[in-house]
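A.B. asks: Fold the following for me, if possible:
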Amino acid sequence: MGKQHILAIIPARGGSVGIPNKNIVPLLDRPLLSWTISQALNSGVIDDVIVSTDSDDIASLARSNGALVVNRPSVISGNDASSEDAVIHALQVFTKDNQIKINDVTVIFLQATSPLRNADDIANAYLLFNQMGYDSLFSSSIAADLTLWNCVNDVWESTNFDYRHRKTRQAAPIQYVENGSIYIFEAAKVIATKNRLHGKIGNYVMEPWQVHEIDEPDDLKLVSYYMKEEIIE
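C.D. replies: This is a model prediction of the structure:
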């Protein structure tokens with residue numbers, strides 16, 4: 001294995017269900033996608049930033065913000081396409097075009113819809129990934145007092161606690177919510193497993209407020225509030 005090439009990949013297709021043109025919708029003073037590109041570029045650990053997209057508008061915005069673009073085929077751009085499909089396609093195109101071996105690439109996968117991160121979060125997550133020798137890593141937030149229920153055929157049952165023997169808040173186990181902000185893995189392993197998480201999995205813990213993502217219009221207001229209050233850059 002040669003010197004690792006650290007590649008940020010940001011999937012950003014043109015179609016979206018909850019919010020039209022979600023990846024370029026305005027968030028505070030700039031398009032949503034711009035936040036994640038700048039965080040990646042300012043992290044100090046990434047060699048190249050790629051945006052995988054099927055949209056000319058998104059491609060133009062990505063380039064103007066300093067990212068490279070991989071044009072995503074329509075077959076992996078629909079609502080049913082997985083992010084892993086986009087990541088693997090982008091990897092194959094980038095490594096072929098730049099004559100870089102797959103085994104020499106580490107991927108930092110960032111979702112534009114989870115912008116409540118700073119450049120330091122990306123750098124610290126990558127440091128943890130290396131120091132601990134993880135095969136893959138995801139970011140999370142601690143969820144205090146999260147009590148989940150499931151309903152099947154109108155029968156309700158608690159899933160992550162026992163309502164019959166409810167514990168105090170202090171005695172309850174710590175629970176972590178995958179916040180979708182940062183994933184790290186070796187390129188060769190995501191191609192082999194078709195899954196962003198595999199092998200020895202690590203967890204980079206972020207603040208509780210960093211759990212929020214943008215899927216529906218009301219999410220924009222909530223995320224905007226935290227971005228201003230917590231000074232996200």
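
A.B. asks: Let me know whether Ser139 touches Tyr204 as I believe.
C.D. replies: Yes. Shown here, Ser139 and Tyr204 form a contact pair, counting by Cβ atoms under 8 Å, at 4.7 Å. Glycine gets a C-beta too; all of them are placed from N, C-alpha and C.

A.B. asks: between those two, what contacts are shared?
C.D. replies: Shared contacts of Ser139 and Tyr204 (Cβ atoms under 8 Å, 6 or more residues apart in numbering): Asp121, Ala125, Ile182.

A.B. asks: sec struct for the residue of the chain most remote from its centre, please.
C.D. replies: Outermost residue of the chain with respect to the C-alpha centroid, by Cα atoms, centre = their mean, is Arg164; its distance is 36.4 Å. Following DSSP: H, G, I helix; E, B strand; the rest coil, the label given to Arg164 is helix.

A.B. asks: Apart from its neighbours in sequence, what residue is nearest Val70?
C.D. replies: Ranked by Cβ to Cβ, 6 or more residues apart in numbering and with sequence neighbours excluded, the top spatial neighbour of Val70 is Ala90, at 4.4 Å.

A.B. asks: what about the one you found, neighbour count?
C.D. replies: 26 (other Cβ atoms under 10 Å).

A.B. asks: who touches it in this structure?
C.D. replies: Neighbouring residues of Ala90 by Cβ under 8 Å, 6+ apart: Ile9, Pro11, Ile50, Ser52, Val70, Arg72.

A.B. asks: And those residues, which is the shakiest by pLDDT?
C.D. replies: Scanning the contacts of Ala90 for pLDDT, the low point is Arg72. It has 90.

A.B. asks: In this structure that one contacts Ala86, no?
C.D. replies: Yes. Between Arg72 and Ala86 there is a contact under Cβ under 8 Å: 5.9 Å.
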